[in-house]
Each structure stands twice: as C-alpha cells, then as structure tokens.
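S.K.: Build the 3D model from these lines:
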Amino acid sequence: MDAHSFSLGILAGAAITLLTRMHNGTDSDGARIVASVAIAFLPADAQLSDSVLDSIISFVALDTTLANFGYVAWLEWFAWIVLANLTRGPGLTTVLRLVRSRHPLADHRAAAADADHD
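M.R.: Down below sits the predicted model:
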C-alpha cells in the first residue's frame, strides 16, 4: 500500500463516477451499454483498485482457501482503498462541484437579495 495504489483507487472511483454520469445523461439503452462495456475494461486493464469489485474477487479467493492472504490483510487493503475512493468521491467531486457552482450561486443570492429589497 503506497501512493501508487492510492492513486489507482482514486482513478477507479473516478471511472465509476464517470460511468454513473454517462448513464444518467442519456435515455438511450445503446449508449448505456457502450458506456458500461467501455468502463468495464478500465479497472481490469489499468489495474485500478475499486473497493467493491476487488472485494468480490478477494472473497472468492478466500472462499477457495487457495489465497495467499487472509481476512486481516484484506481488511487493511480495503481500508486503504476505501480511503482513496472517499478522497475521490466526497473530496474531489464535491470540491469541483462547489468551484463550478460558485458563480451561479452568487448570482442566485444576489437576485434573492434584490427581490427582498423590492
């Protein structure tokens, strides 16, 4: 667990967020399928670490008793990746949304203040 794995966890969360936004941005089932297939290869091909996807694989390995790690090692890894996913989610995504909405929010507040004075 190092900065590299932490960065991969952030990128995995960003890929899942992108997929969610692509799904919510269209009503076309074809576009949703294309987006899902394209994003599905990203975590595996780029070796991104997503807490949910990799936990499923880890638990399958633990269930076969052939895994070279145990539940404690999984828990340590899981905590690290959840921290990375949370840094991306509430951290980066929320900060970017607040920065993007700063001017429209200021305009809205100014319009509300003008309406109160009339």
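S.K.: mean confidence for the helix or strand hosting Asn85?
M.R.: For Asn85, the element it lies in under DSSP states H and E is helix 71-86. Throughout helix 71-86, pLDDT has a mean value of 84.
S.K.: Could I get the buried residue list for whichever helix or strand comes after that helix?
M.R.: Later in the chain than helix 71-86, the nearest helix or strand by DSSP H and E is helix 94-100. Within helix 94-100, no residue counts as buried by 16 or more other Cβ atoms under 10 Å. For the C-beta atoms, the positions are set from N, CA and C on the backbone; glycine is no exception.
S.K.: Stretch 71-83 too?
M.R.: 74, 77-78, 80-83.
S.K.: can you check stretch 21-36 too?
M.R.: For stretch 21-36, by 16+ other Cβ under 10 Å, it's 22, 32, 35.
S.K.: Hmm, His23 and the last one touching each other?
M.R.: Yes - contact criterion Cβ atoms under 8 Å: Ala35 and His23 qualify, at 6.6 Å.
S.K.: helices and strands around the biggest helix by length in the chain, which ones?
M.R.: Taking DSSP state H as the assignment, the helix of the chain that covers the most residues is helix 3-24. Under the contact definition 3 or more Cβ pairs under 8 Å, 6 or more residues apart in numbering; DSSP states H and E, helix 3-24 sits against helix 29-45, helix 71-86.
S.K.: Identify all contacting residues around the longest one.
M.R.: Residues outside helix 29-45 that contact it (Cβ atoms under 8 Å, 6 or more residues apart in numbering): 12, 15-16, 18-19, 22-23, 26, 48-50, 53.
S.K.: The spatially most central residue of the chain and His4, how far apart?
M.R.: Nearest to the mean C-alpha position of the chain, by Cα atoms, centre = their mean, lies Gly13 at 2.3 Å. From Gly13 across to His4, the span is 15 Å (Cβ to Cβ, to the nearest Å).
S.K.: Noted, bye for now.
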